[in-house]
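Visitor: Kindly return the folded structure for what I paste below:
(2 chains)
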Amino acid sequence: MPAKPPLHTEEEAEAFLQECSAAGLLPCIHTAQLQDYILDLRWSPDGTQLAALPSTGPPQLFPRSTAFQPVPESGHPACATWQVPPAPVLPANEPPKPDPSATAHKPSQLPPHIPANGTLAWSPGGHHLATFGQDSILRIHPITTPGPARTLQLPRGWAERFAWNADGTRIAVAIAKKIHIIDTATLEIESVIDALGATISDVTWHPTLPNQLATASNGGTRIWRLGDPKPIAELDQGVAALHISWSPDGRWVVTGDHTPSVHLFDTKSRKPLHIQGFETKVKSFAWQTAGAKDHPWLAVGGGTLITLWPCFGRNGPRNARPIQLPGHARPVTALDFTPQDQLLASGAADGFVLLWLPHHSPGPAMIAREDHEITSIRWAPDGHHLAYGTANGKIAIHQLLTESTP
Amino acid sequence: METTAHTKLPVTVLTGFLGSGKTTLLNRILTENHGLRIAVIENEFGEVGIDHELVINADEEFFEMNNGCICCTVRGDLIRIIGSLMKRRDQFDHILIETTGLADPGPVIQTFFVDDEMKDKLALNAIVSLVDAKHILQHLDSCEEAVKQIAFADSILLNKTDLVTPAELDALEARIKAINGVAKIQRCQNAAIPVADVLDIGGFNLDRAIGIDPRFLDPEYPFEWGGILNVPAGTLTLEATQDPDPSMTAVLIPAATADEAALTTAREQAVRAFSHDPAPAPIGTALTADASPHDLILTDAPMRWTCEIETPGPLAIFTQHYPEELAMRFLDSHGNELHPTIAASYKPDHTHDETVTSVGIEADGECNEKKLNTWLFKLLQERGTDIYRMKGVFAIKGHQNRFIFQGVHMLLDPADGGPWGDKPRRNSLVFIGRDLDRDQLNASFRACLA
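Guide: Next up, the predicted model:
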C-alpha cells in the first residue's frame, strides 16, 4: 500500500496516482440519488456528516459513518448504493420534526425552500446547519441538539447566497442589492448594507475577523466592515464579479467575473491584480493551505485547465509562473484541496472526477466518470473521504485507502 | 454528456413599447391551457408560481463586456436567473423574457450570444415585438427604443387593430416593413394570438427570414400608395387635415379600367412621373390629371386641392405617403367621398426618412471564404454599432453545406447550415440597422463572390 501524501519525489507521486487510477485507492464506497441538481455539498466541521443541497427538494444530511448501508453494485464491489426515500411534502415554514433515526442509519431530510434552494452552510462549530433559498427564508437547524429549526423570513428578492462569519455570531444574506446581517443568537436583522445599487452575486466573510465581509457584484469587489455604511475597500473592476473567495490567511480576496477573468485584491498592500485568458467563466476556487497557512496556493478552474497561483511572498501571483493542469475535456466546475496535504480533487462538465498532486505530477488519476456534470466536490476534514455531486442529483463518496485505513 | 443541441431550452424575448399589450399577452400565456410549463422573467424582484408557470421578477442590470465590442452590453440579471433556472431545467419547457416598455432589446439578445453557458444550454427562439397600432407612429418618431424594438424582432404582433382603419393598418405595416423587412407580422386585437404562435417561432430560420415576405427583396417605389377612383365629371377635391411632413408628391393618371391590370400599368407611368421634379402645389392649386408630379405643400391649416375632370371614368392616383397619414379624402363635386375601387401599398424607397432600415441581398454563385471572412470582420468592426441584427446563408466555394450566421451588433454566430438539398446554391443575407448604405453593402458583398 503506497504512502498517503505528502510525497517527496515525482516518482512517488506518479506511483501514488497510478495506484489511485489502476488499483482503486480511492474507491467509491457509497452513492445516493437525490431528485435534482446538486447545488452544494458541505461536510460538517468534525467530518461526521455530509449536508447535500439539491436545486429543488429537501436538503439531505448524511451521517458519514453510519447512514450508508452498503449494498454492493454488480461489477464494483467496493461501491455501495443507498436509495433516498421519497421526499416528504412539508409546508415551507414548518420546522423539521426531530428524526430519532437520523443519528442512526438514515439521512435526515430538511424542509425544502420553495420554489428552489439556494445555499447551505454549517456554523463554525458544527452545531447548526443553515439553509437559504429563493423563498428568502433563512432556516437554522440544530444538529447536535434536538429541537426545531429557527426561521427568519427576509424581504423577497432574487436570493441565493449567504455566509456564516468566523465566530458564528452573524450570517450575511445577499438579497438583490442589499446585504442583511443576521444576529444568529436572536435571529433578527442586525443591519442592512446597501450595496451601492449593484445586485450581489456572492458574499464571503473574512476567515478570522468576524466583522469584515466581501461581496461580488456588478462593478467589482467591495469589502465591508460592520458598522461602516460605506465599503472599506472598493475595487471598481469594470466587470461583474460573480464568485468570491477569501484566502484562509485573510490576505487575498479573489473574484471570478463574466468577461471571463479573475481579480485578486491584496488586502495587505491594497494592490489589485487582474488575471485574464481563461476560456470560460471561473466557477471554482480552492485554496491549498497544507504546510503553512501563510503560504496558500490558489487553484482556479476556468475552462478545461486548472491553474495554480502562488499567493504568498511580497508579490503573490504577480509575475509568478503558475502551475497548469490540463486533463479535463470540458470546463472545470468544482475544485477542492485536502485540508492536510496537497491532494487536489477536480470535477468538470465532462463528468470526470480527477485527483491531482499538482506540485509533483502534471498528470491526474481518474477517480470517477459520470454521465453528468460534476457540480460540487468536497474533501471531508479528515482528508480521507471525498464527496461529489452531479447535475442529475447523484452523490458519491469515495474513501482514500492508505496505510492508516483500517 | 448531456449538453447537445437537442437539449437546448427555447427562449422567447417579448418586447414592446409602453401600452402595447405585453401584460395582456403575458396574462393569457400564464392562464391559458397550452400544456407548456413556462418560466416567465419579468421586471421586478420576486418569484411567484402560477399553476404550471413560474413568474420571476428580475431587475434589469447591465454588464459591459470588455471584449473589444464597444456596443456589447449584456443583462447580468438574466445570466444569474437563467443560470439558476437551468439547474432545475426539467421543470420547464420554455423561458419567456419580458423586457420593459422602454427597453433596448439589444442587451437581452447579446446575452445569448456572449455568455458561454447561455449559448451552450439555451436556444434563442425568437424576439417577439408587440406594437400598439393606434399609438406606435408617434413613438417611432420620437423614441429610438421603439424603433429598435421593431428592428430587432423576428415576429411583430400588430395589436389593437380595432382602433385603426384598415388603411391605417396598411400604412403602419408598410412603415414597420421599412424598418424590419424580414419580421413576420401578425395582426391582432387584445393580444389574442395563439400562444403557440408567440412561442413557437422556430428560432433562427433563414428560409423564413428570407422567404416569409416576398416583397422584402422586391423593387422599391417612390410612392407608398396607389389606387383607382371612379370619378364623375366635375371638380375632384383632395382634402387633408394633417401635415406629418412639409410636402407630399402626388400624381394623377387617367386609367382605362379600375382593375389590377390598369393599376399596374399606371404604376409604371407613376414611377416615371415621380422621377421628375414635382411642381409646387400650395393649398388651392388646381392639379392636372396628366401624369405630372405635384408637390402638395402641407400646412397645419385645412388643405384642399382640386382637379377638373372633363371625362368621367377611372383615375389612378399615386401618393408619396399613405393618404391616411394626412387624413386625406377624395370628394366629388357634391362633396361625396369617393373610395378607391382598387388600391395597393408599395415598398417605399424613402422609408419615411427612416434611419433604421433593412437591407436584403441575394446573389447567385459561390463566395470566396477568405474574402467573405475579411468582409464580415471589417464590416462588423466598422459598422457593428449600427447593425442591430443580421442573418445570412452563404454558398462557399469548396464547401458542400450551407454556411449560416446570425448576428447582433458586433457579435456573430456562424454555424453549419447542413446540406443544400435540392435548393439552389444562392447567397442570401439581411441587415437591419441604422444608416445602412444599400448600394455599398451590395457592392462590397458581391466583391466576395468567387
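
Visitor: Closest to the centroid, which residue in chain B?
Guide: Nearest to the geometric centre of chain B sits B:Asn180, at 2.6 Å (Cα atoms, centre = their mean).

Visitor: For it, what are phi and psi?
Guide: Dihedral pair for B:Asn180: phi -130, psi 100, per degrees, to the nearest 10.

Visitor: Apart from its neighbours in sequence, what residue is nearest A:Ala290?
Guide: Among residues not flanking A:Ala290 along the chain, A:Asp341 sits closest, at 4.7 Å (Cβ to Cβ, 6 or more residues apart in numbering or on different chains). For every residue, glycine as well, the C-beta is placed using N, CA and C.

Visitor: Next, the one you found: phi, psi?
Guide: phi -150, psi -150.

Visitor: Any idea how many residues pack against it?
Guide: 17 (other Cβ atoms under 10 Å in any protein chain shown).

Visitor: now swap in A:Thr333 and tell me
Guide: By other Cβ under 10 Å, 21 other residues sit near A:Thr333.

Visitor: secondary structure element for it?
Guide: If you go by DSSP states H and E, A:Thr333 is part of strand A:332-337.

Visitor: where does chain B have low pLDDT?
Guide: B:1-7, B:43-72, B:89-90, B:200-220, B:348-354 (pLDDT under 70).

Visitor: mind listing the helices for it?
Guide: B:22-31, B:76-85, B:106-114, B:116-121, B:136-142, B:144-151, B:166-179, B:195-199, B:206-211, B:260-274, B:369-383, B:438-446 (DSSP state H).

Visitor: Now render those helices as CSV, adding mean neighbour count and distance to chain A.
Guide: What follows is these, written out as CSV (neighbours: other Cβ atoms under 10 Å in any protein chain shown; distance: least, Cβ to the nearest Cβ, whole Å):
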stretch, mean neighbour count, distance to chain A
helix B:22-31, 18, 15
helix B:76-85, 22, 5
helix B:106-114, 24, 9
helix B:116-121, 17, 5
helix B:136-142, 17, 29
helix B:144-151, 23, 22
helix B:166-179, 20, 32
helix B:195-199, 18, 21
helix B:206-211, 18, 29
helix B:260-274, 17, 52
helix B:369-383, 15, 19
helix B:438-446, 15, 32
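
Visitor: B:Val195: what's its closest spatial neighbour, skipping adjacent residues?
Guide: B:His34 (4.4 Å).

Visitor: Number of residues surrounding the residue in the stretch 351-450 of chain B positioned nearest to chain A?
Guide: Nearest to chain A in the stretch 351-450 of chain B, going by Cβ to the nearest Cβ, is B:Leu411, at a distance of 14.4 Å. Using other Cβ under 10 Å, B:Leu411 has 20 neighbouring residues.

Visitor: ok, it touching B:Val114?
Guide: Yes. Contact criterion Cβ atoms under 8 Å: B:Leu411 and B:Val114 qualify, at 6.4 Å.

Visitor: picking that back up, give the next helix or strand downstream of the strand holding A:Thr333.
Guide: strand A:344-348.

Visitor: So which elements touch that following strand?
Guide: In this structure, strand A:344-348 makes packing contacts with strand A:297-302, strand A:332-337, strand A:352-356, strand A:374-379, strand A:385-390, judged by 3 or more Cβ pairs under 8 Å, 6 or more residues apart in numbering or on different chains; DSSP states H and E.

Visitor: quick one: which of those strands is nearest chain B?
Guide: strand A:374-379 (8.0 Å).

Visitor: Adjacent strands (with direction) for the closest one?
Guide: Applying DSSP bridges to the sheet, strand A:374-379 is found paired with strand A:385-390 (antiparallel).

Visitor: heading toward the C-terminus, what's the first helix or strand past the strand it pairs with?
Guide: Heading C-terminal from strand A:385-390 (DSSP H and E), you reach strand A:394-399.

Visitor: Give me the angle between that next one and strand A:374-379.
Guide: Strand A:394-399 and strand A:374-379 are oriented at 30 degrees to each other (axes from the mean of the first three to the mean of the last three Cα atoms, to 10 degrees).

Visitor: Quickly check: strand A:394-399 near chain B or not.
Guide: No. Judged by Cβ under 8 Å from any Cβ of the partner chain, strand A:394-399 stays clear of chain B, getting no closer than 12.6 Å.
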